[in-house]
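>>> The sequence and its predicted three-dimensional model are supplied below.
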Amino acid sequence: MAEKTPPLEKPRRFYKAVTVGSVDAGYAVQLDGRTPKSPAKSALVLPSEALARLVADEWEAQDKVIDSTVMPATRLAFTAIDRIAETRAAVAAEVAAYAGSDLLCYRAEHPTPLVERQTRDWQPVLDWAEQALGLSFQPVTGIIHTPQPTQTLARVEALAASLDDFSLAGVAYAAGLLGSSVLALALRAGELDGQRALDLSRLEEIFQADTWGQDEEARLRADNLAIEALALERWFQALAQA
C-alpha cells in the first residue's frame, strides 16, 4: 500500500506589524515594512487603500501560522495580480460561459411553490440586468440546456473584459461560486449583498431545507459559502472606494 503524503505544514507567522503603505502602483500590504509576494513573485499591491486594508486585516488576523484557507481576499488578490493580466480574454469568456447556462434562467417544473418562488425572486434580478446592463436572458422550464441569445453572451463577455483586473477576478470568482454571471454582476454593482446573492443561488436548496429539514453537512457547507460570499461583497465595496 502506498504511503499517504503528509499534509504540508502551514508557514509560521514571521511578522509582528501589518500596515498599508502608498506606493507608485497603488497601496501595498506591508509586513514589518516589507511587501509580501504573490506565488508568481509579484508584490502584493492593491488599487485602493480600502482593498489593501481588507487584505491587510486578513494577515493581521493570523495567529501562530498563516492559513490561506481563511484569507479569501488575499487569495483573490493573488489571482488578480498573477492570473488576470495574462489571461483577460479567457477569464472574460469564462464569465460569459456561466451566463450561457445561468442558474437564474432554469426554472423548476414543479412543485408549484418552488416555481412561484423562483419567479418571484429571480425575475427581478434578470429585469435589473436588462435595464441596467442591456442583458436580455430567456428563462426556460426544466434542466435541458437552452442557448441564450448570442448578443447577450457577447455583451456579458464585453462587460467582463472592460473591468479592471481586480473587479474581473471578483466577478469570475463570484460567477463560479453562485453559478450565475447575473448574480455576480449584481453583487459587483451593489444591487445585491453577498448573503442575498448566495441565497438566490441556493434557492432550491433552501426550499428543500424549509420543506424537509437540513442536515448538518449541508448547513456547514452553506456556512462556508456564506463566508466566501461576504468576502466578495467586501471586496467589491472596497474596490468602489478607489
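Nice, thanks for sending it over.
>>> Domain-wise, how is this structure divided?
Here the domain parsing of the chain from automatic domain parsing is 18-68, 85-239.
>>> With mean neighbour count added, can I get those in a markdown table?
No exception for glycine: its C-beta is placed from N, CA and C like everyone else's. Formatted as a markdown table, the domains of the chain follow (neighbours: other Cβ atoms under 10 Å):
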| stretch | mean neighbour count |
| --- | --- |
| domain 18-68 | 16 |
| domain 85-239 | 17 |
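>>> Just put those in CSV and tack on mean pLDDT and distance to residue 75.
Converted to CSV, the domains of the chain look like this (pLDDT from 0 to 100; distance: least, Cβ to Cβ, whole Å):
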stretch, mean pLDDT, distance to residue 75
domain 18-68, 95, 6
domain 85-239, 95, 9
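>>> Nearest to residue 76, out of those domains?
Among the domains of the chain, the nearest to residue 76 by Cβ to Cβ is domain 85-239 (5.6 Å).
>>> Tell me how far the closest one lies from the chain's centre.
Its chain's C-alpha centre and that of domain 85-239 lie 10 Å apart, by Cα atoms, centre = their mean, to the nearest Å.
>>> Quick one: end-to-end length of it, please.
Start and end residues of domain 85-239 are separated by 17 Å (Cα to Cα, to the nearest Å).
>>> The longest helix anywhere in the chain - contacts with which helices or strands?
Scanning the chain for the helix with the most residues, using DSSP state H, yields helix 216-239. Under the contact definition 3 or more Cβ pairs under 8 Å, 6 or more residues apart in numbering; DSSP states H and E, helix 216-239 sits against helix 49-61, helix 72-82, helix 165-178, helix 181-189, helix 194-201, helix 203-212.
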